[in-house]
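**Q** Could you work out the structure for the sequence below:
(one chain, ligands or ions: 1)
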Amino acid sequence: MTLKVCKFGGTSMADGNTMQAVKKIIQSDEKRKFVVVSAPGKRFNGDIKVTDLLYACYDELKEKGDCKQAFASVRQRFESIVKELNIQMDIKSVLDETEQRLNAEKSSDFTASRGEYLSARIMAELLGAKFIDSEDVVFFKRDGQLDGEKTYRAISSAVNGVEKAVFPGFYGKGADGKVKTFSRGGSDISGAIVARAVNASVYENWTDVSGFLACDPRIVQNPKRIKNLSYKELRELSYMGANVLHSESIFPVRKANIPIVIKNTFRPEDEGTAILPISQYTPDGNVVTGIAGKKNFTVILIEKNHMNTEIGYVRKVLSVLEREGVSVEHIPSGIDTMSVVLDSEEVQGYKLEQIIEGIKNDTEPDVIRVMENVALIATVGHGMSSSIGTSARLFKAMAEANINAKMIDQGSSELNIIVGVRNEDCEKCIAACDLELFGC
Ligand code: ASP
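**A** Predicted coordinates for the structure are as follows:
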């Protein structure tokens, strides 16, 4: 039988009512056998996500040696969920045990992981399904990367003969034997890992939106939904800030050609967005699939006469960054110029000065300048490689909105056009490009 893996995000797990909606969705399709859950998210505007409450517990632990006060809010959240669900579960003992382990382990990752742990325990109870602790089946290597082979083997043997199972998202076990989390939003990756391990026919990712939208709904009203995206388009858009899905979550499913479908827990009848391998992908008919933007990049601009003939120049610049442990986002270049675009968070404070000194010492540039507070706007779509004029339309829209392009980069596959603008022009630029390309 074909089977589906379903991941439910924080808003789907927010309270008893939303968890009942999740149960209904799972029970409405017998192929939905394996479930991955996030920690309870916000119930209303201004509410606090359980994961954030847990990070506050860790702060208290560091300061006072225990986290009694901060953990009280976590307790309250889970006790009220169990009460609303009206299930027979001794949540008090589970919470007591959790609090003891928090105090003993004193680890940030372990503390943060308990939101997913507790919500999976409750969901397993609600569904009458087996709880499989990700600590026992998801493994990281010494370098912090997922140990795919070991993980897939462990998951597939853990589900052998199991009718229905619930896994907590977001964490696994590090090479040191301790609980380790993915980056924030990482339950999406956990869902993809389980889908790959059980060779699911589809990975359903249930959120609180009916799929990817062509334009940012905070910037334009009623944007169009994207029906189909390729894995590559998704990676570009989610990396650049379209935050429906964690940008790393395609890697486990991509190798096995498992489609991802984004669905809305609160409007399950909506079709959602399918993210597909290129072999199964049919574009929606637009040249551009979507536009997304991300703020806070730092650009180092380097000029040196005859840079193009100096063998190894780019390598020397990149070696400085490698030495400093900084990754490079983009490298636009000219004959005698090159720029490196870096995530500003990675080069805070003295790090940037060290990099500049290193480049000056090792490569003797004529000019070196730094441009901070840069936003990158990515226009993404496979359709651009076979059509003419998209960049002309983009730059015309930007000129009419009086926005200066500080940097331009086109990916080698013509899948994206990336424009650097000042942070404060980010939203204005997205709105102008949306209007030009989608009319919204
Ligand atoms: N609960 C974690 C977070 O808030 C992971 C997730 O929800 O995917 O980032």
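**Q** which residues in the protein form helices?
**A** Assigned helices in the chain, in chain order: 16-27, 50-64, 68-85, 91-105, 108-127, 148-158, 187-197, 231-239, 250-254, 313-323, 350-363, 390-400, 426-438 (criterion: DSSP state H).
**Q** so of those, which one's packed in deepest?
**A** Highest mean neighbour count among those (mean count of other C-beta atoms under 10 Å): helix 187-197, with a mean of 29. Quick note: C-beta positions are derived from backbone N, CA and C, even for glycine.
**Q** Restrict it to CA atoms and write it as CSV.
**A** This file holds the C-alpha atoms of helix 187-197, laid out as CSV (Å, rounded to 0.1, in the frame of the first residue of the first chain):
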residue,chain,number,x,y,z
SER,A,187,10.6,19.6,12.3
ASP,A,188,10.1,20.0,8.5
ILE,A,189,13.5,18.2,8.1
SER,A,190,12.4,15.5,10.5
GLY,A,191,9.3,14.9,8.4
ALA,A,192,11.3,14.6,5.3
ILE,A,193,13.7,12.2,6.9
VAL,A,194,10.8,9.9,8.0
ALA,A,195,9.3,10.1,4.6
ARG,A,196,12.5,9.0,3.0
ALA,A,197,13.1,6.2,5.5
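**Q** Mind checking the pLDDT average for it?
**A** Per-residue pLDDT values across helix 187-197 average out to 98.
**Q** try stretch 110-117
**A** 98.
**Q** Tell me if that stretch is near the ligand.
**A** Yes: using C-beta under 6 Å from any ligand atom, stretch 110-117 reaches the ligand at Gly115.
**Q** now that stretch, how far from the chain's geometric center?
**A** Put simply, stretch 110-117 sits 18 Å off its chain's centre (C-alpha atoms, centre = their mean, to the nearest Å).
**Q** again with stretch 266-275
**A** 19 Å.
**Q** Spell out which parts of the protein neighbour the ligand.
**A** Residues of the chain lying near the ligand (C-beta under 6 Å from any ligand atom): 10, 38-39, 49, 51, 115, 169-170, 184-188.
**Q** if you set the cut-off to 5 Å instead, what comes out?
**A** Gly10, Ser38, Ala39, Thr51, Phe170, Arg184, Gly185, Ser187 (C-beta under 5 Å from any ligand atom).
**Q** By neighbours, which of those residues wins?
**A** Of all the residues of the chain next to the ligand, Ser187 has the most neighbours under the rule other C-beta atoms under 10 Å, reaching 33 neighbours.
**Q** Need the per-residue pLDDT for Phe212.
**A** Reading off the model, Phe212 has pLDDT 88.
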